[in-house]
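S.K.: I would like the atomic coordinates for the input below:
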Amino acid sequence: MATNGAPDSWEDGEEVATKMSTLNVDAPSFVPNVNAPVFVPSFLQNSGPPASNTQSPVDQPPVKPANAAPAEIVMKETSPKEENAGAADSWEDKADMSSAATTPEDEDSMEIDDSGASKKSRVKQKPKIVEAVTTDKEHVNVVFIGHVDAGKSTIGGQMMYLTGMVDKRTLEKYEREAKEKNRETWYLSWCMDTNMEEREKGKTVEVGRAYFETEKKHFTILDAPGHKSFVPNMIGGASQADLAVLVISARKGEFETGFERGGQTREHAMLVKTAGVKHLVVLINKMDDPTVGWDEKRYNYCKDALTPYLKKLGFNPAKDITFMPCSGLTGSGLKEPVGADAPWYTGPSFIPYIDGLPSLKRHVEGPFMMPIVDKYSEMGTVVIGKVESGKCKKGDILMVMPNRVEVKVDQLWSDDIEVTGVQSGENIKAKLKGIEENEVTPGFVLCDPHNPIKTGTVFDAQVVMLDLKSIICAGYSCILHLQAMAEEVTIKALICLVDKKTGEKSKTRPRFIKQDQIAIARFVSNHPICMETFKDHPQLGRFTLRDEGTTIAIGKILKVVD
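M.R.: Numbering: from 1, shown residues only. Prediction:
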């Protein structure tokens, strides 16, 4: 007999296999001694507990969680003998098999009842440890905007890598795949651009989502598409943001293209202002490009060209705007200061700066409201959005407006981390019971059934005309974007003009409105729209009007008429 418990001869292999199958899971020793007298008599199997292993895997689950580790070790020991599968399968595997066939509802209740009785529920406990950490930190939603190819997705990917949300191996895999497609500089953006179409063309289409944490805050990255065809998607992303990051390419020619009329730099900056973002960080990216070479003159040129326009939009250059040089590809200026690359810049680097911004005011006490930005079906209807006011917890009964369908909150995730409760400011996913996925459309609002959001087809609003080819009269139709909703509306009547300087309203009804004028008009839509007045709830009372691919006006809702 060897010292490690192995027999001198393995010829009697079958006998060994039967003995090993009768090992006692609860035995104090985990190295089975084949010659131990306890396991030899097979007739004892029925009479006493020592060798009850054949039944015990299924019969004993409630006892197991306390010492789950021994079970795992026994499983490893017994796995070689495949022919004896009935006895070899540990209770863990059986629990796993049974849970695979359950419905999502059963699975939930199983997790709560057993709390660790199956492998699956043990795995799901992991996020719950993180949950407590996550919800303690302040949530900030950051939207990355700017012209196409300014480097928004690359900066998002680089930040996830610098904060440890993406490991080195994943990045190396992306780098290899990108090299095969001759796109080696795109690999960082693949952290944000996950579908094949976006990777093939190098253009973001949907609003990419990811998150990272610093010592004080939990940041959600919203990576908006820069292409002008996808501006409606970008508006949905901007409507969820607390802080906007305008990414500018300093490369010769690229900055000019983005900033000229028709470039997305102007339109995106205006849209985030309309969406209610108060603070703007301007990252002047691609400073490491050979045409720029961290040149201070180029940095100042971009800065001086942008400042007057941003000021015109309503941002205060002294308080609301911060300019920073950086390189998304090398990561310089994002987490660590630019240092020797640009000795002329002495300001903070990006991540420490946004981490140190003052806390935001949230409507935690109000009724629960969450505009739905996206939805999908996964063992139930899952909706995505940012909580604009109030709080909610698992098991709450809410209402989807304007359908007035009552739903139950089955599960909640805050940035992919499963939680039991969420509050205003968090970007969440909620699994709902009581509604089908095809009954939900982006733009619907999940809200408190006792105090639901207002809905209507007729409303009065104040609009500021921005970019008009001609004049607008009653009867004009365009697309209204409010949060993630896009709905066709018609101007039913022009009520009055508002003087820009004094704010006085004209006594007579105008016959038309032209560029740069402010007017109050009555709008009519074909379908009910979820909205609040700007006075009661600014985030749900602002909208954008677009026509023929350009933004023609921004506005705020004054009164929901019908």
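
S.K.: show me what contacts the closest residue to residue 216 other than its chain neighbours?
M.R.: Excluding the flanking residues, the one nearest residue 216 by CB to CB, 6 or more residues apart in numbering is residue 355, at 5.6 Å. To be clear about C-beta, it is placed using only N, CA and C from the backbone, and glycine gets the same treatment. Residues near residue 355 by CB atoms under 8 Å, 6 or more residues apart in numbering: 214-217.

S.K.: Pick out the most distant pair among the residues you listed.
M.R.: 215 and 217 (8.1 Å; CB to CB).

S.K.: If you count surrounding residues, which of these two has more?
M.R.: residue 217 (16 against 7; other CB atoms under 10 Å).

S.K.: Mind putting the contacts of residue 355 into CSV with pLDDT and secondary structure?
M.R.: Listed next are the contacts of residue 355 as CSV, based on pLDDT from 0 to 100; DSSP: H, G, I helix; E, B strand; the rest coil:
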residue, pLDDT, secondary structure
214, 85, coil
215, 83, coil
216, 85, coil
217, 87, strand
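
S.K.: can I get those in a markdown table with distance to residue 152?
M.R.: Compiled in a markdown table, the contacts of residue 355 are given as follows (distance: CB to CB, whole Å):
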| residue | distance to residue 152 |
| --- | --- |
| 214 | 20 |
| 215 | 25 |
| 216 | 24 |
| 217 | 20 |
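
S.K.: what about residue 155, which helix or strand?
M.R.: If you go by DSSP states H and E, residue 155 is part of helix 152-162.

S.K.: correction: residue 283
M.R.: With DSSP H and E as the criterion, residue 283 is inside strand 279-285.

S.K.: So for whichever helix or strand comes after that strand, mean pLDDT?
M.R.: Heading C-terminal from strand 279-285, the first helix or strand you meet, by DSSP H and E, is helix 296-313. Across helix 296-313, the average pLDDT comes to 90.

S.K.: same thing with stretch 550-557?
M.R.: For stretch 550-557, the mean per-residue pLDDT is 89.

S.K.: Export that stretch to PDB, keeping only CA atoms.
M.R.: The C-alpha coordinates for stretch 550-557 follow below in PDB (Å, rounded to 0.1, in the frame of the first residue of the first chain):
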ATOM      1  CA  THR A 550     -31.600  68.600 -39.100                       C
ATOM      2  CA  THR A 551     -32.600  70.100 -35.800                       C
ATOM      3  CA  ILE A 552     -34.900  73.000 -36.400                       C
ATOM      4  CA  ALA A 553     -36.000  74.000 -32.900                       C
ATOM      5  CA  ILE A 554     -35.700  73.300 -29.200                       C
ATOM      6  CA  GLY A 555     -38.600  73.800 -26.800                       C
ATOM      7  CA  LYS A 556     -40.200  73.300 -23.400                       C
ATOM      8  CA  ILE A 557     -43.700  72.100 -22.600                       C
END
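
S.K.: Okay, buried residues for it please.
M.R.: By 16 or more other CB atoms under 10 Å, the buried positions in stretch 550-557 come out as 551-557.

S.K.: Stretch 378-394 too?
M.R.: Judged by neighbour count using 16+ other CB under 10 Å, the buried positions of stretch 378-394 are 380-392, 394.

S.K.: what helices or strands is the stretch of helix or strand residue 218 belongs to leaning on?
M.R.: In the assignment (DSSP H and E), residue 218 maps to strand 217-223. In terms of contacts (3 or more CB pairs under 8 Å, 6 or more residues apart in numbering; DSSP states H and E), strand 217-223 is packed against strand 138-145, helix 152-162, strand 208-213, helix 231-238, helix 350-355.
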